[in-house]
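Undergrad: this one's structure only:
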Ligand code: NAP
């Protein structure tokens, strides 16, 4: 009888690691791969889920897909020739991320089902003491790849918990609940909702979509990538790179042409979106409900070819009034009307501030991250934090994008962290952290650029903003400009502590 080989798992470290990465999504895996390629093997990625993939492991709702073309949404150093569509679906992206583990021999560097519960900087020993639900760890350098869209935003609707039917958030889809023939309510009309609604509308009995603010929607033009094209990309990598280049520069041009401001480009895109609505929705009353009352680009612009058509189905109702409360059997509106429901889906997005500060991190002199962020969530160049030596964040504050692939931002940040690690080795440093002055200067420049941006001036509120209305999520420029700002770390911006 042949024995089944035991699954390979990361051995639990018994001495301080060179690098500990929190989270095995795009950020954490990119960091791990590039560390190994740079000769850093003393590395562990801890992931609370039972599989790698981060948001692409967790968001399994029907219709989940990426709204950035697949070739552009892949890591530059881990291309994939055989994406099956222009825009990949969640299963294909999750499989790509899982395959990276084998492709880059990461198995022994990833500890799954391991949640970090806290981290404290030990100044005397110049290392991070990290608590996990599997035991303590120590590391010279701590990298957060925890992501910003993680902590579900549960709306404060009165009576929410009195609803007796199944109720779940899009990021925790309950696949055990059969929707066939059921009366299903969906609250929210963001990027998640516009994918869920067309995916489930054909199977449910009735669907009521509760809209607070209509989104701007533009055409998606998604297509399958046939076997010939895939073979071409496999045989001729230059063709794949050329396509990725075109996809990248088309999006960069939008930012360069004023995507971040109310501009001529805004008016052009608004006209295209209104045309899309006119072409897909014949009923003027429904069209009126779907007309956004703010400028395009203020919230994330949504791309879809099947969202508007789904709303014209006879079994779908768009409810644009305000919700008063939930009852055990449905949703009651402010005007007193009632929608009886069997299942309720919260497509209500994420709490960015809570996501970023989820794990209690304590830096130098007992400085608590949540307190350091009392005034405003911020990081030096979006990556490092004054008061938190040897701590780096991937996709940290103000490094998300509205116009291009965030994978490009992650890669720029990973290289910046690697440059810091190389400098630490070369100069035999115990610790590195940005100076408060450099961080404040960076933040002041950022604020100046954000103040006139479309996210602040476009007449909307969005998840990009904190409770005080400041944009803490997006980078206000091109990817090229961000990459340039990270290319050569300026060591005068850092406190370098010798070993
Ligand atoms: P979201 O964009 O924040 O949308 C949340 C929706 O819920 C909004 O329509 C919001 O209305 C509504 N809402 C919140 N609280 C409500 C309440 N109390 N009553 C009624 N409506 C309420 O969240 P999301 O759709 O999950 O998307 C979040 C981000 O994830 C996206 O912007 C994107 O970056 C990413 N994402 C990407 C993809 C993709 O690549 N295709 C897919 C999904 C998610 P208001 O507009 O009035 O606030």
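TA: Yep, it's here. What you are looking at is a predicted structure, and each value in this text was computed from that prediction instead of being measured. Numbers count the residues shown, from 1 in each chain.

Undergrad: touching the ligand at all, the worst-scoring helix or strand of the chain on mean pLDDT?
TA: Using mean pLDDT, DSSP states H and E, the weakest-scoring helix or strand in the chain turns out to be helix 352-356, at a mean of 78. No - legend: contact between helix 352-356 and the ligand by Cβ under 6 Å from any ligand atom is lacking; minimum distance shown is 9.2 Å. Backbone N, C-alpha and C define where each C-beta goes, glycine included.

Undergrad: all helices of the stretch 351-499 of the chain, in order?
TA: Using DSSP state H, counting those that start in this stretch, the helices assigned to the stretch 351-499 of the chain run over residues 352-356, 369-372, 406-426, 436-451, 454-457, 479-487.

Undergrad: what's the closest of those helices to residue 282?
TA: Closest of the helices of the stretch 351-499 of the chain to residue 282 is helix 454-457, at 30.6 Å (criterion: Cβ to Cβ).

Undergrad: and the least confident helix or strand of the chain, how far from the chain's centre?
TA: Its chain's C-alpha centre and that of helix 352-356 lie 11 Å apart, by Cα atoms, centre = their mean, to the nearest Å.

Undergrad: how about it: buried residues?
TA: 352, 353, 355, 356 (16 or more other Cβ atoms under 10 Å).

Undergrad: coming back round to it: nearest to residue 469, out of the helices of the stretch 351-499 of the chain?
TA: Nearest of those to residue 469, taken as Cβ to Cβ: helix 454-457 at 7.6 Å.

Undergrad: Spell out which parts of the stretch 301-450 of the chain neighbour the ligand.
TA: 323, 347, 348, 349, 350.

Undergrad: A helix includes residue 208, no?
TA: No - using DSSP: H, G, I helix; E, B strand; the rest coil, the assignment for residue 208 is strand, not a helix.

Undergrad: which residues touch whichever residue of the stretch 51-200 of the chain sits closest to the ligand?
TA: Nearest residue of the stretch 51-200 of the chain to the ligand (Cβ to the nearest ligand atom) works out as residue 190 at 2.2 Å. Neighbouring residues of residue 190 by Cβ atoms under 8 Å, 6 or more residues apart in numbering: 215, 299, 300, 302, 347, 348, 349.

Undergrad: now do 7 Å
TA: For residue 190, the contact set (Cβ atoms under 7 Å, 6 or more residues apart in numbering) comprises 215, 347, 349.

Undergrad: hey, where'd the strands end up in the stretch 201-350 of the chain?
TA: For the stretch 201-350 of the chain, applying DSSP state E, counting those that start in this stretch gives strands covering 206-210, 217-218, 302-303, 316-319, 323-327, 330-333, 338-340, 343-346.

Undergrad: Could you dump these into a markdown table with mean neighbour count and mean pLDDT added?
TA: Below are these laid out as a markdown table (neighbours: other Cβ atoms under 10 Å; pLDDT from 0 to 100):
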| stretch | mean neighbour count | mean pLDDT |
| --- | --- | --- |
| strand 206-210 | 24 | 98 |
| strand 217-218 | 20 | 98 |
| strand 302-303 | 19 | 97 |
| strand 316-319 | 18 | 98 |
| strand 323-327 | 18 | 98 |
| strand 330-333 | 18 | 98 |
| strand 338-340 | 15 | 98 |
| strand 343-346 | 24 | 98 |
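
Undergrad: To residue 382, which of these lies closest?
TA: strand 302-303 (24.7 Å).

Undergrad: strands paired with that closest one, and their directions?
TA: Partners of strand 302-303 in the sheet, by DSSP bridges, are strand 217-218 (parallel).

Undergrad: Who's the closest spatial neighbour of residue 303, skipping the chain neighbours?
TA: If the residues on either side of it in the chain are set aside, residue 303 comes closest to residue 220, at 4.3 Å by Cβ to Cβ, 6 or more residues apart in numbering.

Undergrad: returning to that earlier point: with residue 233 as the reference, name the closest of the helices of the stretch 351-499 of the chain.
TA: helix 406-426 (17.7 Å).

Undergrad: other SSEs contacting the closest one?
TA: For helix 406-426, the packing partners by 3 or more Cβ pairs under 7 Å, 6 or more residues apart in numbering; DSSP states H and E come out as helix 26-37, helix 479-487.

Undergrad: Can you check what angle separates the longest one from helix 406-426?
TA: An angle of 40 degrees separates the directions of helix 26-37 and helix 406-426 when computed by axes from the mean of the first three to the mean of the last three Cα atoms, to 10 degrees.

Undergrad: Quick check: residue 494 touching residue 432?
TA: Yes - between residue 494 and residue 432 there is a contact at 5.4 Å, judged by Cβ atoms under 7 Å.

Undergrad: Determine the number of other residues adjacent to the nearest residue to residue 90 once chain neighbours are set aside.
TA: Spatial nearest neighbour of residue 90, excluding adjacent residues (Cβ to Cβ, 6+ apart): residue 64 at 3.7 Å. Counted with other Cβ atoms under 10 Å, the neighbours of residue 64 add up to 23.

Undergrad: quick one: contacts for residue 64?
TA: Residues near residue 64 by Cβ under 7 Å, 6+ apart: 89, 90, 195.

Undergrad: between those residues, which has the most around it?
TA: Sorting these by how many neighbours each has (other Cβ under 10 Å) puts residue 195 first, at 25 neighbours.

Undergrad: From the contact counts, what lies against the helix or strand hosting that one?
TA: Following DSSP states H and E, one finds residue 195 within helix 191-200. Contact partners of helix 191-200 among helices and strands, from 3+ Cβ pairs under 7 Å, 6+ apart: strand 183-187, strand 206-210, helix 307-311.

Undergrad: Could you check how far residue 71 is from residue 437?
TA: Residue 71 sits 41 Å away from residue 437, going by Cβ to Cβ, to the nearest Å.

Undergrad: which one of the two has more residues nearby?
TA: Taking other Cβ under 10 Å, residue 71 and residue 437 do not tie; residue 71 has more neighbours (24 against 11).

Undergrad: Next, count neighbours for the nearest residue to the more buried one once chain neighbours are set aside.
TA: Leaving aside its chain neighbours, residue 71 sits nearest to residue 244 (4.5 Å; criterion: Cβ to Cβ, 6+ apart). Using other Cβ under 10 Å as the criterion, residue 244 is surrounded by 20 other residues.

Undergrad: For the ligand, which of the helices and strands packed on helix 406-426 is the nearest?
TA: Nearest to the ligand, of all those, is helix 26-37, at 12.3 Å by Cβ to the nearest ligand atom.

Undergrad: Tell me the helices and strands packed up against the closest one.
TA: Contacts defined by 3+ Cβ pairs under 7 Å, 6+ apart place helix 26-37 against strand 17-22, strand 43-46, helix 90-103, helix 406-426.

Undergrad: any idea of the pLDDT on the residue of the stretch 51-200 of the chain closest to the ligand?
TA: Looking at residue 190, its pLDDT reads 98.

Undergrad: what does the stretch 1-150 of the chain put close to the ligand?
TA: Contact residues, the stretch 1-150 of the chain versus the ligand (Cβ under 6 Å from any ligand atom): 65, 66, 67, 149.
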